[in-house]
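Chemist: Model the structure of this input:
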Amino acid sequence: MAEHPGVLLDRRSIRLDARAADKAEAIRRCGQALVEAGAVAPAYVTSMLERERSVSTYVGEGVAIPHGTLAGKAAVYRDALSFLRLSAKVDWDGFPVTVCIGIAAIGDSHVDILAELAQILLEPARAAGLRAVTDPDEVLRLLQPSHEDATA
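Modeler: As a prediction, this is how the structure comes out:
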């Protein structure tokens, strides 16, 4: 599969049936997936944990979107997402989470990424699909914007 600028989620960043004892471990696993995909330096994972200490990244529908601090952007090589489907619910500030979508972004592009994810999560069928997904291709399909650009 060829990479192109619009691709944020690389197959290497998808983890199905991931295990995490708690929120911090889930965040570390999201960050590690970004590191392994070559999108961020290891320091970005620490930045993701720092962000979570200041504000929860739980967004509803059993989904959290951990991302780094402003200072953490220095450790980002390219915009990217990671996807973890947890085999057991993790307590996220009192909410059960089974899907973590890690975000790495250069500059202010994280705002667009967050808006796109919010649109996806507003569709209950897609959010339910993310919680139940068992195939990486299905993850890629579910996280595609519904209004795809027709540019070649």
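
Chemist: Lowest mean pLDDT among the helices and strands, pick that one out for the protein.
Modeler: helix 109-121 (a mean of 72; mean pLDDT, DSSP states H and E).

Chemist: which is the next helix or strand following that one?
Modeler: Going down the chain from helix 109-121, the next helix or strand is helix 124-132, by DSSP states H and E.

Chemist: List the buried residues of that following helix.
Modeler: Of all the residues in helix 124-132, those buried under the rule 16 or more other CB atoms under 10 Å are Arg126, Ala127, Gly129, Leu130. Every C-beta, even on glycine, is put in place using the N, C-alpha and C of the backbone.

Chemist: what's the angle between it and helix 109-121?
Modeler: Helix 124-132 and helix 109-121 are oriented at 100 degrees to each other (axes from the mean of the first three to the mean of the last three CA atoms, to 10 degrees).

Chemist: what helix or strand is the most centrally placed residue in the chain on?
Modeler: The centroid of the chain falls nearest to Ile101 when counting by CA atoms, centre = their mean (1.9 Å). For Ile101, the host element (DSSP H and E) is strand 95-104.

Chemist: pull the longest strand from the chain.
Modeler: What stands out as the longest strand in the chain, according to DSSP state E, is strand 80-92.

Chemist: strand partners of that strand, parallel vs antiparallel please.
Modeler: If you go by DSSP bridges, strand 80-92 pairs up with strand 9-18 (parallel), strand 95-104 (antiparallel).

Chemist: Where does pLDDT dip in this protein?
Modeler: Applying pLDDT under 70 to the chain flags the ranges 1-7, 109-111, 145-152.
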